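1. Here is a sequence with its predicted model. Questions after.
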Amino acid sequence: MTFKHIIFDLDNTLYPSSSAMDSGITRRMLECVADFFGCSMERAIELRKERIVHFSTTLEWLRSEGLTDIEKFLAHVHPDNEADELMEQPGLRDFLLSIPVPFSILTNSPHEHADRVLAKLGIDDLPIAVTDIRDADFFGKPWPKSYLAALKKAGTNIEETLFIDDMQKYTDGWCALGGTSVLIGEKNGKPLADDAESMKAAKRLYREMKMQAGGNNQSDRENQSTAPALPGKTIRLNSIYELKGTLI
């Protein structure tokens, strides 16, 4: 298929997961967890590992536990100087300029983080749109609302859009809506548990879209009941640079 648009994740996708920014963001998230529960960092690590497979983000998990000050959480995880942790990526700008279709960014971080990262990477003028977690009312990937907000901002649709991320639960969410995704690298995290509300919402929306597209007879309903859990497709690549010559 010929794609007319690409949506890139930001962190650990446009730059390597080995970056100091990855460990910095994780550490600051764990500090928020430890502060919220009044526990040690060691216990915070254990709690997050146990619970994160049920939630789209650490923020969603903490909100389910009673966190109300979202902006305080975001400000701590993404301080003004966070871009100091990020190394420049030679060749990234030229690579993105060589892509024959427009692209946008979808991130579970706030817009100010995206602005800092894109500026540090020297590519802040290239995306046609940036969708952050506020744009989806804090329903981050893999909640359908996140993907739909990104598609609306970019003026595109899921059939003609390639989605690229480093986390399996986020490519799974895109595929649950019937889209094609690329999973980058080897540190892809764990898929979400079956009880994760975000994935259940994505699968439910896909069924509704199929029904609206004409699946109203008995045969179509029976086919949907036996359809694969993730109707879309995921392709694995080591880095975004492998896109050239394979998918674009």
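-> Ah, there it is. Numbering: from 1, shown residues only.

2. May I ask which helix or strand of this protein has the lowest mean pLDDT?
-> For the chain, using mean pLDDT, DSSP states H and E, the weakest element among its helices and strands is helix 218-225, scoring a mean of 42.

3. Paired strands for the following helix or strand past that helix, with orientation please.
-> Going down the chain from helix 218-225, the next helix or strand is strand 233-237, by DSSP states H and E. Here strand 233-237 has these sheet partners by DSSP bridges: strand 180-184 (parallel).

4. what does the partner strand contact?
-> Applying CB atoms under 8 Å, 6 or more residues apart in numbering, the external contacts of strand 180-184 come out as 1, 3, 12-13, 162-166, 168, 171, 174-175, 232-240, 243, 247. All C-beta spots, glycine's among them, are computed from the backbone N, C-alpha and C.

5. now stretch 43-63
-> The contact list for stretch 43-63 (CB under 8 Å, 6+ apart) reads 29-34, 36-37, 39, 64, 67, 70, 73-74, 108, 133, 138-143, 169, 190-193, 195-196, 198.

6. if you set the cut-off to 7 Å instead, what comes out?
-> Applying CB atoms under 7 Å, 6 or more residues apart in numbering, the external contacts of stretch 43-63 come out as 29-30, 33-34, 36-37, 64, 70, 73, 108, 138, 140-143, 190, 192-193, 195-196, 198.

7. Strands of the chain, start to end?
-> Using DSSP state E, the strands of the chain run over 5-8, 103-106, 130-131, 161-165, 180-184, 233-237.

8. Distance to residue 20 for those - can I get that in a markdown table?
-> Compiled in a markdown table, the strands of the chain are given as follows (distance: least, CB to CB, whole Å):
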| stretch | distance to residue 20 |
| --- | --- |
| strand 5-8 | 21 |
| strand 103-106 | 21 |
| strand 130-131 | 23 |
| strand 161-165 | 21 |
| strand 180-184 | 19 |
| strand 233-237 | 24 |
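
9. Could I get these in CSV, plus columns for mean pLDDT, mean neighbour count and distance to residue 92?
-> As requested, the strands of the chain are exported to CSV (pLDDT from 0 to 100; neighbours: other CB atoms under 10 Å; distance: least, CB to CB, whole Å):
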stretch, mean pLDDT, mean neighbour count, distance to residue 92
strand 5-8, 98, 23, 11
strand 103-106, 98, 24, 12
strand 130-131, 98, 22, 16
strand 161-165, 98, 26, 13
strand 180-184, 97, 24, 13
strand 233-237, 95, 15, 15
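
10. and the longest helix belonging to the chain, what does it pack onto?
-> Counting residues, the longest helix in the chain under DSSP state H turns out to be helix 20-37. The contact analysis (3 or more CB pairs under 7 Å, 6 or more residues apart in numbering; DSSP states H and E) places helix 20-37 against helix 41-51, helix 58-64, helix 70-77.

11. in the protein, what spans have low per-residue confidence?
-> Scanning the chain for pLDDT under 70 picks out 1, 215-229.

12. Number of residues surrounding residue 201?
-> 18 (other CB atoms under 10 Å).

13. for residue 3, same thing?
-> 16.

14. ok now do the spatially closest residue to it that is not a sequence neighbour, which residues does it touch?
-> What sits nearest to residue 3 in space, not counting adjacent residues and going by CB to CB, 6 or more residues apart in numbering, is residue 162, at 4.4 Å. Going by CB under 7 Å, 6+ apart, residue 162 touches 3, 6, 180, 182, 247.

15. which strand residues sit across from residue 162 in the sheet?
-> With DSSP bridges as the criterion, residue 162 is bridged to residue 6, residue 180.

16. Check the spacing between it and residue 31 real quick.
-> Using CB to CB, to the nearest Å, we find residue 162 at a distance of 35 Å from residue 31.

17. Many thanks, I have nothing further to ask.
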